[in-house]
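> here's my sequence, what's the structure:
(one chain, ligands or ions: 1)
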Amino acid sequence: MKEPALHIVMVGHVDHGKSTVIGRLLYDTKALPEGTIDKVKRIAKETGKPFEYAYLLDAFEEEQKQGITIDTTQLQFKTAKREYVIIDAPGHQEFLKNMISGASNAEVAFLIVDAARGVEEQTKRHAYILRLLGIKKIYVLINKMDLVDYQQAKFEAVKQQVADFLATLHLKPAGYLPISAYYGENLLKTSKKLAWYHGKSFIETLDQIETADQPIDKPLRLPIQDVFKFDDRRIIAGRIEAGTLKVGDQITIYPSGRQTEVTAFANWAPKDAKAQASAGQSVGIMLKEEFFNQRGEVITRTDEQANAPIVTNVLQTNLFWMGQAPLVTGKVYKLKIATQQVNVKVLKILKVTDAATLAARKDAEVKLNDVAEVVFQAEQPLVYDFFDQQHVTGRFVVVDGYDVAGGGTITEKYQGEVALK
Ligand code: GDP
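Numbering: from 1, shown residues only. Next up, the predicted model:
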């Protein structure tokens, strides 16, 4: 069987070499059409600029735009083993938006650090975002090893510096790789210049990463996307985010808590009554009773109620803020969890941390690039899970007007008092 594609994300402080790593990867794995590099080299020469592998990214995106692929934020390449999708976020805000809205789901992150410069402000901020998003598999690429004469001592020193910082976030990388993206050292193959390094090359490392399975063993979460009406029948459509479901299953629908039974799948395996649909599949189901279900509600299995989702009006969140206007107490936003969208008011700002310095501030506002613990009060009940138990129903996005202004995860229940108005 063909291996599924692995989604990876590259982050790092500006100029530490993210675009060069990606450009070089596309080049080395021959993801670029014949002649592209010559063309880009020629243009660089004509305009009097030195050649940059980073330029290949633009050329590649241009190619993809002209082809069928419209999503230019996803760059693809393949090795003998499988396909890869690089989620190229020009900045951490785009990355965060993509990740939280579920548009892209990176399983593995590569944090790029310049060997000559070490940890800088955005290195820290990006690491913080990775933690917030729950991306556990992190590799550190210590780039520009050519600038430090491929010295092991320099690599070890930067490695230690990165490790010390990540430890403050309780992050432990799966590996550290010395590379020179510009010269292609230790990317495709291990490098003679790095003879002291006995680990795998970047591509070898990629190829041995195991893709995570769909969360089939978890309790069912089927957020309703749409309800279609045909005569007097209704078909409830959605993507199974976790668990399994089959005809005859007793279900409990939140936030109402109403219970009924699945009588049929509209689009799927209608003849085989024993077949079950599972995480990752989109389904249309029919129910025994008609509750006038709506988009946003979450279907669970009645036999799995020991792990029922939480239904609440008050939500405590770990929030990363990227809105131009600060988040302030009392202001109303739209909050989205899976397919739910609810108006919420900021009830309390419990804690504000600068994501770059990790210094806590006593503040009444959450500003651009801050991380904060914020409590929201919703206009109507919300259904959620803790992020470590259920990813899709455990993360959220905050919309201010028409813009995604923040997002994050839910890891705790609010314990404070709430004066309900
Ligand atoms: P980004 O901002 O992280 O995407 O960084 P770029 O990929 O644009 O690289 C910034 C600069 O560092 C460019 O001038 C690159 O040519 C240079 N660079 C990237 N990787 C290396 C490397 O391995 N060695 C050296 N000497 N320069 C590099």
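
> and the residue lying closest to Ala54 once chain neighbours are set aside, how many neighbours?
Once flanking residues are discounted, Ala54 sits nearest to Ser19: 3.4 Å by C-beta to C-beta, 6 or more residues apart in numbering. In short, each C-beta sits where N, CA and C put it, glycine included. Counted with other C-beta atoms under 10 Å, residues neighbouring Ser19 total 23.

> what's the strand or helix carrying Ser19 packed up against?
Following DSSP states H and E, one finds Ser19 within helix 18-28. Applying 3 or more C-beta pairs under 8 Å, 6 or more residues apart in numbering; DSSP states H and E, we find helix 18-28 packed against strand 6-12, helix 54-66, strand 74-78, strand 108-114, strand 137-143, helix 202-207.

> follow-up on the earlier one: separation between the residue nearest to Ala54 and Ile43?
When distance is defined by C-beta to C-beta, to the nearest Å, Ser19 is 16 Å away from Ile43.

> ok, Ala80 next?
Ala80 is 31 Å from Ile43, by C-beta to C-beta.

> what's the answer for Gly394, then?
In terms of C-beta to C-beta, Gly394 sits 46 Å off from Ile43.

> and these two? Which one has more around it.
Per other C-beta under 10 Å, whichever of Gly394 and Ile43 has more neighbours is Gly394, with 21 against 13.

> any chance of the backbone angles for the residue nearest to the more buried one when sequence neighbours are not counted?
Counting by C-beta to C-beta, 6+ apart, Gly394 lies nearest to Phe387, which is 3.3 Å off, once chain neighbours are set aside. The phi and psi values for Phe387, taken as degrees, to the nearest 10, are phi -60, psi -40.

> per-residue pLDDT of Phe387, please?
pLDDT for Phe387: 91.

> equivalent analysis for Met322, please.
As summarised for this prediction, Met322 has a pLDDT of 85.

> with the one 10 residues further on instead?
Val332 is assigned a predicted lDDT (pLDDT) of 97.

> now for it: which residues touch it?
Contacts for Val332 (C-beta atoms under 8 Å, 6 or more residues apart in numbering) come out as 343-345.

> ok, so what distance separates Glu121 from Ala5?
Counting by C-beta to C-beta, the gap from Glu121 to Ala5 is 32 Å.

> again but with Lys136, I slipped
19 Å.

> got phi/psi on the residue nearest to Glu3 when sequence neighbours are not counted?
The spatially closest residue to Glu3, leaving aside those adjacent along the chain, is Arg82, at 3.9 Å (C-beta to C-beta, 6+ apart). Dihedral pair for Arg82: phi -170, psi -180, per degrees, to the nearest 10.

> Ala106 too?
When read as degrees, to the nearest 10, the backbone of Ala106 gives phi -70, psi 140.

> any chance of the helices and strands packed on helix 18-28 in a markdown table with distance to the ligand as columns?
Compiled in a markdown table, the helices and strands packed on helix 18-28 are given as follows (distance: least, C-beta to the nearest ligand atom, whole Å):
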| stretch | distance to the ligand |
| --- | --- |
| strand 6-12 | 6 |
| helix 54-66 | 4 |
| strand 74-78 | 13 |
| strand 108-114 | 6 |
| strand 137-143 | 5 |
| helix 202-207 | 12 |
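
> can I get the ones you listed in JSON lines with mean pLDDT?
Putting the helices and strands packed on helix 18-28 into JSON lines (pLDDT from 0 to 100) gives the following:
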{"stretch": "strand 6-12", "mean pLDDT": "88"}
{"stretch": "helix 54-66", "mean pLDDT": "69"}
{"stretch": "strand 74-78", "mean pLDDT": "82"}
{"stretch": "strand 108-114", "mean pLDDT": "95"}
{"stretch": "strand 137-143", "mean pLDDT": "97"}
{"stretch": "helix 202-207", "mean pLDDT": "96"}
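
> make a markdown table out of those and add distance to Gly23 and mean neighbour count.
Converted to a markdown table, these look like this (distance: least, C-beta to C-beta, whole Å; neighbours: other C-beta atoms under 10 Å):
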| stretch | distance to Gly23 | mean neighbour count |
| --- | --- | --- |
| strand 6-12 | 11 | 22 |
| helix 54-66 | 4 | 17 |
| strand 74-78 | 10 | 17 |
| strand 108-114 | 13 | 24 |
| strand 137-143 | 13 | 23 |
| helix 202-207 | 13 | 20 |
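
> how many other residues sit next to Lys172?
Neighbours of Lys172 under the rule other C-beta under 10 Å: 10.

> ok, the one 10 residues further on next?
The local packing count at Tyr182 equals 20, with neighbours defined by other C-beta under 10 Å.

> what do you get for Phe51?
15.

> any idea how far Arg24 is from it?
From Phe51 to Arg24 the distance is 12 Å (C-beta to C-beta).

> please apply the same query to Ile129.
In terms of C-beta to C-beta, Ile129 sits 24 Å off from Arg24.

> more crowded one of these two?
A count of neighbours by other C-beta under 10 Å puts Ile129 above the other of Ile129 and Arg24, at 28 against 23.

> what does whichever helix in the chain runs longest rub up against?
The residue-count maximum for a helix in the chain (DSSP state H) belongs to helix 152-168. For helix 152-168, contacts defined as C-beta under 8 Å, 6+ apart pick out 111, 113, 115, 118-119, 123-124, 127, 138, 140, 142, 145, 148, 172-173, 176, 178, 196-197, 358.

> who touches the closest residue to the ligand within the stretch 151-300 of the chain in this structure?
The ligand sits closest to Tyr182 of the stretch 151-300 of the chain, with a gap of 3.4 Å, by C-beta to the nearest ligand atom. Tyr182 is in contact with 17, 20, 24, 53, 144, 146, counting by C-beta under 8 Å, 6+ apart.
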